[in-house]
Each structure stands twice: as C-alpha cells, then as structure tokens.
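> next comes the sequence, and after it the predicted model I'd like to discuss.
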Protein chains: 2
Amino acid sequence: MDRTRIAQLYADQEELGGSLVTVGGWVRSIRDMKDVGFVTLNDGSCFKDLQVVMTRSGLANYDEINSQGVGAALVVRGKLALTPDRPQPFELQAEEISVEGTCAPDYPLQKQRQTREFLRTQQHLRARTNLFRAVFRIRSVAAYAIHTFFQSRGFVYVNTPIITTSDAEGAGEMFQVTTLDMNNVPKTDDGKVDYSKDFFGAAAHLTVSGQLQGENFAQSMGDIYTFGPTFRAEDSNTRRHAAEFWMVEPEMAFCDLKGEMDVSEQMLKFVIRTVLDKCPDELNMLNRFVDKGLLARLEHVASSDFARVTYTEAIDILEKAVESGVKFEYPVKWGIDLQTEHERYLCEQHFKRPTFVTDYPAAIKAFYMRMNEDGKTVAAADCLAPGIGEIIGGSQREERYDKLLARIEELGMDEQQYKYYLDLRRYGSTKHAGFGLGFERLVMYLTGVDNIRDVLPHPRTVGNADF
Amino acid sequence: MDRTRIAQLYADQEELGGSLVTVGGWVRSIRDMKDVGFVTLNDGSCFKDLQVVMTRSGLANYDEINSQGVGAALVVRGKLALTPDRPQPFELQAEEISVEGTCAPDYPLQKQRQTREFLRTQQHLRARTNLFRAVFRIRSVAAYAIHTFFQSRGFVYVNTPIITTSDAEGAGEMFQVTTLDMNNVPKTDDGKVDYSKDFFGAAAHLTVSGQLQGENFAQSMGDIYTFGPTFRAEDSNTRRHAAEFWMVEPEMAFCDLKGEMDVSEQMLKFVIRTVLDKCPDELNMLNRFVDKGLLARLEHVASSDFARVTYTEAIDILEKAVESGVKFEYPVKWGIDLQTEHERYLCEQHFKRPTFVTDYPAAIKAFYMRMNEDGKTVAAADCLAPGIGEIIGGSQREERYDKLLARIEELGMDEQQYKYYLDLRRYGSTKHAGFGLGFERLVMYLTGVDNIRDVLPHPRTVGNADF
C-alpha cells in the first residue's frame, strides 16, 4: 500500500498541506465529542503523533472507529489541513478510516504509565511506549552515526568473528558454544571432554572482544573498526551489566596514544552532535521525564575540549581532594584501579568536562598495552565522562615483539595461543592504537536511562534470555 | 604521527602536488637501480599503491631501506611530485625514510601469488594481498551502503539478540550456548540436563534469524532492519555454507508482498551502484583476475527492472524448457523446491535479469508466511540473481491470528514458544512483510569470489574456528 509516513508529513507539511494522503498507524488515544472525534495516531516513523479528525457525518463507520481501543492499527485516508493557529501544526481530516487490526482488551499497555520493571516483562510490546520509542530510535541514530564517522574517514568495517577458540585477552568469563550432546558428553580415554567431536574440533566460546582480530586487519587496511556483539558470562546482576552487548572497536596503524585520543574525542562529539540534531523530540522528552540534566550535559560534552591527565597526576589530584575533606568509599593510592567515584570526581568536580586519564600502572591493565619508558606504566587512555565515569577504554598496543613476548611469558599466558598476534610484530609491525566503546553504555549516556536492560531491544542477563 | 593517507594523495593530488607529506605503509616491492631506488608502498587506505623514489645521494640510510623485505613497514617523508607524463600520476620523492617495522624472512606472503587455500591458513595476513584487500573493502562499503539505504528511508536499526531460548522458525541446526561444566553436567532427578543451573536458567542457543524479534519492533517503529550475525550448526562443507554469517533482515508494517519486493529491488540496486561508484579499482582487478563477467553483470543488475513471476508460472516455464530439450539434474514438478539450476535458468536464460518468483507452495516455506486465497500457496518472494540464483528470500507475514495459530498447530509446533509472536496479531496487527539477505552471499556476488570462506574476515566452518 502507498502510505505516507507521519515523519514526512512533518518534514514536508508546506507542500503536503491541502492534499490527500494515506497514513497507517496505531491508536494512542481516541476522544469522542459525539459528532466529532479525535484520534491520536503514531506510526513509529517519528516521535510525534498525528492528530486525526473524524466526523460522524463524514464517516460511515464512525462508531466502529470510535470503539477501537488503544493499540489498534488503523489506515486513514484524508486531507492534510494546516492549522497554524492551533498547538499542532496540522491535522488529518479523515475521509476514510479502516481498521487494520483491532487491539484485544487485555492489551498490557492500556495505562499511560507502567513501571520499567513491568515493561521488561513485555519486551515484544514496550517499544510502543514513548520512552522506548525514544531510546530505540536514538540507539539506531547513534549506531549509524558511528558508521558514518568511521566510513567518512576511510576506516574499513570489519566483522570480527563471534565464535572463537581462543580466549582473546583472558579477560572475563566466557560462554561455551557447542553441538555436543549435553546428555551424553563424549569423553576421551582420560575422562576429559572430547572436543575433537565438537563442531569446530575444539572447545569454542563467544567472543569477549574483536580487538586482536581487528589488529590483523589494521596491519593491512590501516584504519579499521568493528561494531558487533560481544559477550560476558559474568554472574553480576547490576544496572550496568548485560551478558550480550555491542562494542565498537577501532584500530589504527601508524597511530600513537595521542592519535587514539583524538579519534575517540572526535567520535564521541560527532555521535552526540548527530543525536542532538536528529532526535530533538526524543531528547526533549527524555530531558523532561527521565534525566533533567541530559540536554545540558550532552551539549556541554559536544562542545568541550576534553582534558588529558596522567594517572599519576590524577592520583595526586585525588589525594589532594582527600586532604581537603572529600570523602571516597575506596582509598586512593598509586596503583589502585580508579573507581567510578574517583572517575566522576575527576571529570565532574575537578576538570568539569570529559577527561582522558593516561598511562596507568601496567599491573591493572591488559597485556597488549604498550609499556612506557618508565617500565611501570602503559600507554592506556580511559575517557571519563561527566555523569557516568569511564565510557571509552583505549591504548597504544605493544608493537615490539620482544616486549610483547616477555609480557605474555611474565603473565604466564599460553604463547601458542598468541602466535598470530605475535606474528603481526614480526612482519612489518607498526605503532598502532585503538579503543573500545561499549555501545549500550553510550546509549545510556545519550538517553539518561540508567539501566542497561532498557537500552537493549531484548536484554540478556543472568537468568533472562526470554523473547 | 601526522600522516597523509595514500587515498588522500590520489583524491587531492592537484592541491598536494609539490608539497611535503608523510606517508606510512607496507612495502610491496623495492627495485634498486644502484643510485636510485623505487619502493612500492601500500597503506590500505585505497587499492592503489604509492611509488616512492629514493636516491643514494639524498638518503643517508639508502642501503638500510634497500635491504628491507616485502611486508616491511616504512614511514616516508618526501615531496609529492606530479608526473603527468608517466603511467602513475605522481611519485613521492623521499627526503627521509624510517623503518617502522622490519619483516622477518619467513614472511609467508613473499611470493606474488599464493593459492586461496594456502591463504586461508594465513588469515591474519591474507588481507595484505590484492585479492583480500579488495574483497574486504567492498564488504565494508556494501555494509555501509545497506545502513545508508535503510537509514535514509527512516528505517530503525534494531540489534536483535544473538543468544535465544526459542528456536525461531525451527529451521536449521543450532549451536548451544552454556556455562555448565561440560565435564560434570548437572542433572535433574530424572537424569536430564538441569538447565535451571545454566546461565539463563534454560537451554540457550545462537540465533538463526532475528526476524521474529524484528517484527516486535516493526509493529511499533513501522520500518526496521537488523544487520547482525546469525548461526547454523550444519555439518555441510560447501563453498556456500559457513557456521557464522551476517544477515540483513528488514521488516515493514503496513506493507504487502509488492512493497517488500520494491524495497528489496531498490536496496540491491543501491548497494551495487554504491560499490560500482566507490570501488572501481577493486572491481577492475576482480573483473580481470577473478571473474571476467563481474562488471558487466553488476552493471546489468543495477540497471534492470527485475522480472516478477509466480512460482506456478515459473514451473510452467521450466516444464516447457524441459520439453524443448533443456536438461536439469533435478526433475521439475509443481511442489518442488527450486534448485539453483532452475533458479539460474529462470533469471539467466529466460528472463535475462533478476527475477522475483512469488507465491510458493506453503509446504516448502516457513510457517509465518501469509497464506494466499488459494489455500495452498503463500505470499513469498525469492529474488533470483543471474550468476548465483537466490539472493534474497522475502515474504508477507501471516498477520491473521486465527490463521497463524492454525498453521502453528498444523505443523505441531509449540504454541507456547510463539506466545509473543501471536500476541502481535492480537494487539493492533498489520499487514507486514520483510526479507532476509545473506550478507556474505551478497559480497560473493559483488566480488565474483566463489567461496564464502574468502569473503569472511575469519570464517567459521565445520572443524574451523581458528584465528
């Protein structure tokens, strides 16, 4: 059928005013004034609704339409009438309305406001609410902004594998992937699981990061990025953890830590600016009902020059804060991993803008980060954002074969597992750097929504993979 | 470091001619003419190489550079000299060259040509060859073209879940996802696997399709698309099957089969046109060395009006072909699933352009496809493309609650598993339609590469999840 999206009515209202259009959408409310009725319709093409006006005299099935419940699907043909003197800029004067699909009376979204906890039990329907309509559109706009940012700079999008037989950075609990019969697991002579009989001929898991494989491609294409799902089988039931989440992991050859920070900062600003431009209605609603500081914070971050400070300087700042009476739950001392309270103090109280903390102690960072000249810190850069803390973790990678090998041995890691990774340091190694952005954390930041379950279409957490 | 990408040298050669630039890249060859040397450098930013000219008199470390092997990483600072009278439009006259990373003598890509089979054992390096550089850039450009196509039409990108506790359409073998200890699987009293102890509290698998969840969002946002990894644990070792591959699955509310075909056709043409525009060097190489009909075929498809024919008419055409002497391996008869040989005959010999075959027998299609008035065919549409056969499978979905429920019961499926899916038909159901595009199959079509292992960055197939 030839329908016009409501978004187009708003975009092209001047040209479309006075013309006949057909619109399909779902009822958000119906008000009956006896001989005139008003139907508020939304078709998902934009945040705004369309006001449909129908008259008993003009519509043979006026009563049928009038009796439809919230959630029913209608197709309306009518004249778009501009109404410059009313709150809404136009209305659709119905000449014909047909019921595409009725809505059963047990529709769970009858009431205007349900708790988000309840809506998590209605994941197949919750995108019909204002909150989730806004969140999922912003999620989509942000995802495309990330692609646009990298593609317009010549980065190559690489789909690194989801199933892997290596455990990447040894970080995080992994999900096992198997086709073995769990009721009857084949065993070897010495009683262990016989993975030679499994699909891949080896124990396989879901990836926790595409970085190491991303480096394979950066050492050929120069600038690459991944954007795909990653997994952690952590038994943590918090607002910030999901078992399945999407990550963006760019990797750049011939690039040092400064270059990496420049790209992270530009990317964050570009995504925020794009969402501010493209989703004003969604952001205004979220700013009003979810997080009153949202718009101000996004505007601030998009227009700030990010601060840059070393970890050692940051510890100094935090120690001075403690001396002057600031209370932290976790003690501050060189060598600690910064807690969210520390991160937020740095970017919210001290620098008052997004802040890169660089050159962390090697002991608290991953094996692949480049050792600094001091022999105790590595070229890492975490980007801390006001209101949330760490949002991006980046580093320059160790490109020197000997140093990388020594680190792998020092940490007791299996050298054979990293043969390919080490190879990259033997065949035309380059200074290179990259970062990881947890996409859901970014969407939480863009929307002010404080639970990761509410920014994932169908969240997977401990005990939950329904829908 | 502040480097200029070789792509930019080609794009902005007029402005950059005569200026000093710094380039980083990998050696493809070095020719020593005693006092003058030529280094061919590639940095992955484009398919083309850069010719670097160095002179013994101008370069203190001439011999060091001259002794570098293929694959070494260099950083070159020099003057960009336009050379309108030579085959290449410019050269970089080196003033300074430093070795960023040497290349060990056992570099596996020394020789110009290796077999693709050998290169599959070198997945961390193979993107450095012309073939794979071209394939993976086209893959990236095509992926972004898909996003651009849908986003510019207001579609919302939805990340449907990878881990699922339902088996979607009951189609295809699935991988199990678990955190149970395979050496010691917990059992219930009656001796079955105790999935209540598993991470999600239930048996979980990797998704085979995001369609059903995509419908949840189409019934709110109107037009949505997914683009993510999907999985099949099929024990088939063919050129066209991988265990992990990416799918694009748009879903449109208020849309019938004709609308679905229109969008598929527009999308395919848009992607092909974009790749033709953005990857001429890559396509020319592939057309020369991989598939001599490639460019002509892509141009043809991008400019064709796709044919549309019903399955019943198609069978008639095929039966007439058999009568007139065409030999098929598989017999032709109403009710059969079309084989690739049939599909290719239809679009290559008969229609001579991409062809939608519609209204297949219900018995050979999925349960969710909309039953036609005849009660025996469904509103499906497969898009067949010359040179490959089926490239897109789409359908109008059964939006009528009673008919869908009857079909689920008829097929002996577990109604409870489809509760949410049935709910969509109770709460404001709409005519809706969508399709699935196997992204790797599209990349094979765009590149002429005939093995799916060679269009995936790190392919996963039976027995192979290395790298």
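Okay, I see it. Residues are numbered from 1 along each chain as shown, chains lettered A, B, ... in the order given.

> excluding chain neighbours, what is closest to the residue of the stretch 351-467 of chain A found nearest chain B?
Residue nearest to chain B within the stretch 351-467 of chain A (CB to the nearest CB): residue A:429, separated by 3.3 Å. Yep, even glycine has a C-beta here, placed from its N, CA and C like the rest. In this structure, residue A:429 finds its nearest non-sequential neighbour in residue B:101, 3.3 Å apart by CB to CB, 6 or more residues apart in numbering or on different chains.

> so what's that neighbour scoring on pLDDT?
Residue B:101 is assigned a pLDDT of 98 by the prediction.

> ok, it touching residue A:425?
Yes: between residue B:101 and residue A:425 there is a contact at 7.5 Å, judged by CB atoms under 8 Å.

> show me where the stretch 351-467 of chain A has its strands.
Using DSSP state E, counting those that start in this stretch, the strands of the stretch 351-467 of chain A run over A:355-361, A:377-385, A:389-396, A:432-438.

> and these as TSV, adding mean pLDDT and mean neighbour count?
Listed next are these as TSV, based on pLDDT from 0 to 100; neighbours: other CB atoms under 10 Å in any protein chain shown:
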stretch	mean pLDDT	mean neighbour count
strand A:355-361	98	23
strand A:377-385	97	25
strand A:389-396	96	22
strand A:432-438	98	24
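
> in TSV, list those along with distance to chain B.
Shown next, in TSV, are those (distance: least, CB to the nearest CB, whole Å):
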stretch	distance to chain B
strand A:355-361	17
strand A:377-385	14
strand A:389-396	12
strand A:432-438	10
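
> make CSV out of these and add distance to residue A:248.
Below are those laid out as CSV (distance: least, CB to CB, whole Å):
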stretch, distance to residue A:248
strand A:355-361, 17
strand A:377-385, 13
strand A:389-396, 9
strand A:432-438, 4
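
> picking up where we left off before, contact partners for the residue of the stretch 351-467 of chain A closest to chain B?
By CB atoms under 8 Å, 6 or more residues apart in numbering or on different chains, the contact set of residue A:429 is A:219, A:399-401, B:73, B:100-101.

> restricted to helices, list those residues.
Residues of those located in helices (DSSP state H): A:219, A:401.

> quick one: average pLDDT of stretch A:413-431?
Regarding stretch A:413-431, the rounded mean pLDDT is 95.

> tell me the buried residues in it?
By neighbour count with 16 or more other CB atoms under 10 Å in any protein chain shown, stretch A:413-431 contains the buried residues A:417-418, A:420-431.

> repeat for stretch A:45-55
Quick answer for stretch A:45-55 (16+ other CB under 10 Å): A:45-47, A:49-54.

> pLDDT of that stretch, averaged?
Here stretch A:45-55 scores 97 as its mean pLDDT.

> tell me if it is near chain B.
Yes: using CB under 8 Å from any CB of the partner chain, stretch A:45-55 comes into contact with chain B via residue A:45.

> can you check stretch A:215-223 too?
Yes: against chain B, stretch A:215-223 shows contacts by CB under 8 Å from any CB at A:216-217, A:219-223.

> now those residues in TSV, with secondary structure, pLDDT and neighbour count?
Converted to TSV, those look like this (DSSP: H, G, I helix; E, B strand; the rest coil; pLDDT from 0 to 100; neighbours: other CB atoms under 10 Å in any protein chain shown):
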residue	secondary structure	pLDDT	neighbour count
A:216	helix	98	26
A:217	helix	98	30
A:219	helix	98	29
A:220	helix	97	24
A:221	helix	97	26
A:222	coil	98	29
A:223	strand	98	24
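
> which residue ranges of the stretch 251-400 of chain A form helices?
Ranges of helices in the stretch 251-400 of chain A, per DSSP state H, counting those that start in this stretch, are A:257-278, A:280-289, A:294-303, A:311-323, A:340-344.

> what's the span of stretch A:217-226, first residue to last?
10 Å (CA to CA, to the nearest Å).

> wait, stretch A:387-400
37 Å.

> one step back: mind giving me the PyMOL command for buried ones among the contacts of residue A:429?
Of the contacts of residue A:429, the buried ones go into a single PyMOL selection, burial set by 16+ other CB under 10 Å:
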select buried, (chain A and resi 219+399+401) or (chain B and resi 73+100+101)
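
> which one of the contacts of residue A:429 is nearest residue A:383?
Residue A:383 has its nearest neighbour among the contacts of residue A:429 in residue A:399, at 22.1 Å by CB to CB.

> the closest one and residue A:433 touch, don't they?
No: using CB under 8 Å, residue A:399 is not in contact with residue A:433; the gap is 9.5 Å.

> mind giving me the domain split of chain A?
According to the TED database, chain A comprises the domains A:6-101, A:130-157+A:219-227+A:235-454.

> using CSV, lay out those domains together with distance to residue B:64.
Shown next, in CSV, are the domains of chain A (distance: least, CB to CB, whole Å):
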stretch, distance to residue B:64
domain A:6-101, 61
domain A:130-157+A:219-227+A:235-454, 15
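
> cool, thanks, signing off.
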